[in-house]
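K.L.:
Here is a sequence with its predicted model. Questions after.
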Amino acid sequence: MSLTLSPASLAAAASNVVGKLQGGLADLRPMPRALIDQGPNRSVYRMSPASGPSRPSGPPVLLVPPLAAPALCFDLRRGCSLTEHLVTGGRPTYLVDYGSVAFSDRRLGVEHWIDHVLPYAIRKVSEDSGGQPVRLVAWCLGGLFSLLTTADQPDLPVESIVTIASPVDFTAIPLVAPIRPLIEATGGYLLTPIYRFFGSAPAYLVEQVFRATGIHKEITKPLAILRNLDDRDFLSQIEAVDHFMDQMAAYPGRTFGQLYHRFFRTNDLAEGSVDLGGRVISLSNVKVPTLIIAGESDNIAPLPAVERLVELLENAPSVRFESAPGGHLGVLTGRRARSTTWRYVDDFLDGS
């Protein structure tokens, strides 16, 4: 909104303020869905069009979220929802939701997600769509789990994988470089007492870390809101992102420990494999077409940390790398993702 306000801008700003005071501007209604499978840390949904009983046909797409971040990352708000985009585009779309993490889940490790949660979800989606192979579209850690699951169980009906903002080289993340010497000096013990005491990485801590990665945006947000009071779409996006942040969940203690020590501290995946209690899973065993997308201003998964994956998928029949505007969440479901990331996903799914 410019300093010299036109009557139209003033009217739009006034309308937005009233809308905000009356309950909000963002349309946060989730896309319609039907539960088709459920198990420990697993609810699998078939997504439906917003109106009408029609059920799309064709190869199914399964959306795979990371841990801690809510599954609504794929369905942020109407008009800026990857789920809505895929469903209205005529693609059979499914979602796996891990639910909340309780203290009783503290002993669950990475193996739980790649041995049970994702394989069960993949097989159920394939079965529900008439036995067709499944196309995985995953964000952040969901991408790493999708790759490890596919590498470890080549008999799963997986046709292709899309990873968005999934880092494999953790030394390429400048945000954590300052604390790495301290972590090494303590033998990795720096964070260990926290997740052992709580049985998890607490949801509040996860949220604060996520917010800290975009601290400059948090600081300047009030000014940005004032400057864009006449832009309903801009204000709706901020509101939806705040709603998303409020839904953060905890990491199970053992899973967080493995991620911290094996992925982050020793950087195993940068060399193409990870050792889970003597069981080595190599990314070279991924043998399906893969699209890798990185955010150009992502502080959590910067471009070099994501692009390293291209070299590790040496036996995939095709590996495509793209970058798109946005930070860690923005590259998935920011306003510019609608014409960049989502277009890359559509092109890949149409060609795979």
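P.N.:
On my side now, so go ahead.
K.L.:
so Ser318 makes contact with Thr290?
P.N.:
Yes. Ser318 is within contact range of Thr290, at 7.3 Å (criterion: C-beta atoms under 8 Å). To be clear about C-beta, it is placed using only N, CA and C from the backbone, and glycine gets the same treatment.
K.L.:
These two: who's more crowded?
P.N.:
More crowded of Ser318 and Thr290, by other C-beta atoms under 10 Å: Thr290, with 27 against 13.
K.L.:
Looking at strand pairing, list the partners for that one.
P.N.:
Listed by DSSP bridges, the beta-bridge partners for Thr290 are Ile161, Val319.
K.L.:
Contacts only, for the most centrally placed residue in the chain.
P.N.:
The residue lying closest to the centre of the chain (C-alpha atoms, centre = their mean) is Trp139, at 2.8 Å. By C-beta atoms under 8 Å, 6 or more residues apart in numbering, the residues touching Trp139 are 64-66, 69, 73-74, 163-166, 332.
K.L.:
now these in a markdown table, with secondary structure, pLDDT and neighbour count?
P.N.:
Below are the contacts of Trp139 laid out as a markdown table (DSSP: H, G, I helix; E, B strand; the rest coil; pLDDT from 0 to 100; neighbours: other C-beta atoms under 10 Å):
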| residue | secondary structure | pLDDT | neighbour count |
| --- | --- | --- | --- |
| Val64 | strand | 98 | 30 |
| Pro65 | coil | 96 | 22 |
| Pro66 | coil | 94 | 20 |
| Ala69 | coil | 86 | 24 |
| Cys73 | helix | 95 | 22 |
| Phe74 | helix | 98 | 26 |
| Thr163 | strand | 98 | 27 |
| Ile164 | strand | 98 | 31 |
| Ala165 | coil | 97 | 31 |
| Ser166 | coil | 97 | 26 |
| Leu332 | helix | 97 | 27 |
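K.L.:
quick check, nearest of the residues you listed to Asp347?
P.N.:
Set against Asp347, the nearest of the contacts of Trp139 by C-beta to C-beta is Ile164 (14.2 Å).
K.L.:
The closest one and Leu332 touch, don't they?
P.N.:
Yes. Contact status for Ile164 versus Leu332: in contact at 5.2 Å, counting by C-beta under 8 Å.
K.L.:
so what's in contact with the two at the same time?
P.N.:
139, 341.
K.L.:
wait, what's in contact with Ala151?
P.N.:
Contacts of Ala151 by C-beta under 8 Å, 6+ apart are 281-286.
K.L.:
for Ser100, same thing?
P.N.:
Ser100 neighbours (C-beta under 8 Å, 6+ apart): 249-250.
K.L.:
what pLDDT does it get?
P.N.:
pLDDT for Ser100: 82.
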